[in-house]
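[1] sequence first, then the predicted structure, then my questions.
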Amino acid sequence: MSTDRVVVLGSGSWGTTFAAVTADAGCPSTVWGRDAAVVAEIDGDHRNSAYLPGIELPSALRATTDAASAVARADVLVLALPSKVLRDTLGPLAGAIPDGAVLVSLAKGVELGTGRRMSEVVAEAAGVDAARVAVVSGPNLAREIAERQPTATVVAAPGVALAERVAAACSTDYFRPYTNTDVVGVEIAGAMKNVMALAVGMAVGLGMGDNSKASLITRGLAETARLGTALGADPQTFAGLAGMGDLVATCTSPLSRNRTFGEQLGAGHSVDEVVGATRRTAEGVVSCRSLLALARSLGVDVPITEAVAAVVTGALRPQELAATMFRRARKAESG
Ligand SMILES: NC(=O)C1=CN([C@@H]2O[C@H](COP(=O)(O)OP(=O)(O)OC[C@H]3O[C@@H](n4cnc5c(N)ncnc54)[C@H](O)[C@@H]3O)[C@@H](O)[C@H]2O)C=CC1
Ligand SMILES: O=C(CO)COP(=O)(O)O
């Protein structure tokens, strides 16, 4: 059993849930949030009704608004913030990170402008070596895990020892981490599945059925593996929990914010309307553009990502999505 002190930055759905998992794993766990009311409710009432209504959190879980003091006590520092705020939130705390602490990214995105994966952003913002940064990713819809439904995940790190240390800190009788050293593959899979969930959501919003959904999921996986392997990932990662597992969970679950976002677009709402109506993070809306730029820089063909980015930027209507893709030249399935 791990006795690492875990500090999670981010008190939204996944940050709160992951901190509950590490508390259940026996680690002294603290979640930091910027919203004093949310923090007070987690710390005092063991609830986070804004993000996880009806869930009772472990009584041992602590919460604070004092980021620097919390970070200074961390053995394992977990980043559970939206990709677009990760660098600017972590950067000012870099000096407080203890020398022996390891860092864990839960964010599923690729930074706009730099094309950096989130573990790269974490290492840069914290000023630490990449060898100290792990990633957790898999079919992990927060609410189901907060309900303690059995779930598997992947802990990826450049070295086996770090992956095993983080896995020990989040291993419970309902949450089972598998270790992996393919950080690139795990992170690209996690970012790409959000884009695919937007596409599947649009198909659902337009009234399409299971054939359309399965076609998008399967070709989405091919596209993800093509980009990932061009970046040096292990192709096998995409058949695993962080690849196919997360893709299926996200694209088929009404709990997914990305899929729901896509559904709203398919139903005729604009990006601005959907953003205005929800305070939840839908990473694919930003990542479709950063992933497309990354793919183009490598000369990798990512037609679904391209079409989703065109819808998000207003260049294409969801109704035109299928026709745009079907007009492309026929090709071999493995190509
Ligand atoms: N919710 C889920 O089921 C899962 C989410 N993830 C990933 O985890 C990351 C975080 O997502 P969620 O917790 O779901 O998002 P969320 O939307 O539920 O919560 C986001 C949290 O970040 C905080 N935040 C936003 N901007 C901030 C800023 N400028 N400074 C400080 N805090 C700020 C919000 O106050 C909120 O506490 C995302 O990259 C997401 O893709 C990964 C696996 C599962
Ligand atoms: O990453 C997730 C499940 O693994 C959560 O998906 P959404 O961000 O689309 O809700």
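    Good, I have the coordinates. Ligands and ions are numbered 1, 2, ... in the order given.
[2] kindly list the main-chain dihedrals of Val71?
    phi -60, psi -40 (degrees, to the nearest 10).
[3] residue contacts, the nearest residue to it once chain neighbours are set aside?
    With sequence-adjacent residues excluded and distances taken as CB to CB, 6 or more residues apart in numbering, Val71 is closest to Ala96, at 4.3 Å. Bear in mind the C-beta positions are built from the backbone N, C-alpha and C, glycine included. Ala96 makes contact with Ala67, Ala68, Val71, Ala72 under the criterion CB atoms under 8 Å, 6 or more residues apart in numbering.
[4] nearest residue to the residue in the stretch 1-150 of the chain that ligand 2 sits nearest to in space, please, no chain neighbours.
    At 4.1 Å from ligand 2, Asn140 is the closest residue in the stretch 1-150 of the chain, using CB to the nearest ligand atom. Excluding the flanking residues, the one nearest Asn140 by CB to CB, 6+ apart is Thr153, at 5.5 Å.
[5] got the residues of the stretch 51-200 of the chain near ligand 1?
    51, 80-83, 85, 89, 106-109, 140-142 (CB under 6 Å from any ligand atom).
[6] re the thing from before, what packs against the helix or strand hosting the residue nearest to Asn140?
    If you go by DSSP states H and E, Thr153 is part of strand 151-156. If contacts are counted by 3 or more CB pairs under 8 Å, 6 or more residues apart in numbering; DSSP states H and E, strand 151-156 sits against strand 133-137, helix 160-169, strand 175-180, helix 183-205.
[7] state the mean pLDDT of the first one.
    Right, the one you point to is strand 133-137. Average pLDDT, strand 133-137: 98.
[8] I'd like the numbering to begin with 386 instead of 1 from here.
    With 386 as the first residue, the last one maps to strand 518-522.
[9] check which element follows it along the chain.
    Immediately after strand 518-522, counting by DSSP H and E, sits helix 527-531.
[10] on that earlier part again, can you list contacts of the strand holding Thr538?
    Residues contacting strand 536-541 (CB under 8 Å, 6+ apart): 519-525, 529-530, 548, 551-552, 555, 559-568, 570-572, 625-627, 630.
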